[in-house]
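Asker: sharing a model that was predicted from the sequence below.
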Amino acid sequence: MDLARLHWAARRRGMLELDVLFERYLTQQYDRAPAEEQKLFQELLEQNDQLLFDWLVKHEPVTIGKFQGLIEKLQK
């Protein structure tokens, strides 16, 4: 997925908290992240908005283990 489409996917949610976290990652870390992490981020953007909000904002347990490290990185 190209960077412009990723930015669109990150902002389409309508939840300011998620928009800020995703945009910050895209502008500050995505380009230098390993290819595996970039792919994982793309998969993360496909998850349900409420689930993402619960994990990232409410700090509820991550129920899909492969996202745990990336969620922690986004929260910092």
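Answerer: Thanks, I have the structure now. Numbers count the residues shown, from 1 in each chain.
Asker: now the nearest residue to residue 60 once chain neighbours are set aside: how far from residue 30?
Answerer: Using Cβ to Cβ, 6 or more residues apart in numbering and skipping residues adjacent in sequence, the residue nearest residue 60 is residue 54, 4.3 Å away. Placement of C-beta: from N, CA and C, glycine included. Relative to residue 30, residue 54 is positioned 23 Å away (Cβ to Cβ, to the nearest Å).
Asker: could you check the pLDDT of residue 1?
Answerer: pLDDT recorded at residue 1 is 68.
Asker: got the buried residues for the top helix by length along the chain?
Answerer: Longest helix in the chain by number of residues (criterion: DSSP state H): helix 16-28. Buried residues in helix 16-28, counting neighbours by 16 or more other Cβ atoms under 10 Å, are found at 18, 21-22, 25-26.
Asker: and stretch 4-14, by the same measure?
Answerer: Using 16+ other Cβ under 10 Å as the test for burial, stretch 4-14 gives 6, 9-10.
Asker: inside helices: which ones of those?
Answerer: 6, 9-10.
Asker: same list (those residues) but as CSV, adding distance to residue 46 and pLDDT.
Answerer: Shown next, in CSV, are those (distance: Cβ to Cβ, whole Å; pLDDT from 0 to 100):
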residue, distance to residue 46, pLDDT
6, 12, 86
9, 8, 84
10, 12, 83
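Asker: shaky segments in the chain?
Answerer: Residues of the chain meeting the criterion pLDDT under 70: 1.
Asker: ok, residue 54 and residue 30, which is more surrounded?
Answerer: Between residue 54 and residue 30, counted using other Cβ atoms under 10 Å, residue 30 has the larger neighbour count: 18 against 15.
Asker: who touches the more buried one in this structure?
Answerer: Residue 30 makes contacts with 3, 6, 38, 41, as judged by Cβ atoms under 8 Å, 6 or more residues apart in numbering.
Asker: of all the residues you listed, which comes closest to residue 68?
Answerer: residue 41 (13.4 Å; Cβ to Cβ).
Asker: following element in sequence after the helix or strand the closest one falls within, please.
Answerer: Using DSSP states H and E, the element containing residue 41 is helix 35-45. Moving toward the C-terminus from helix 35-45, the next helix or strand (DSSP H and E) is helix 49-56.
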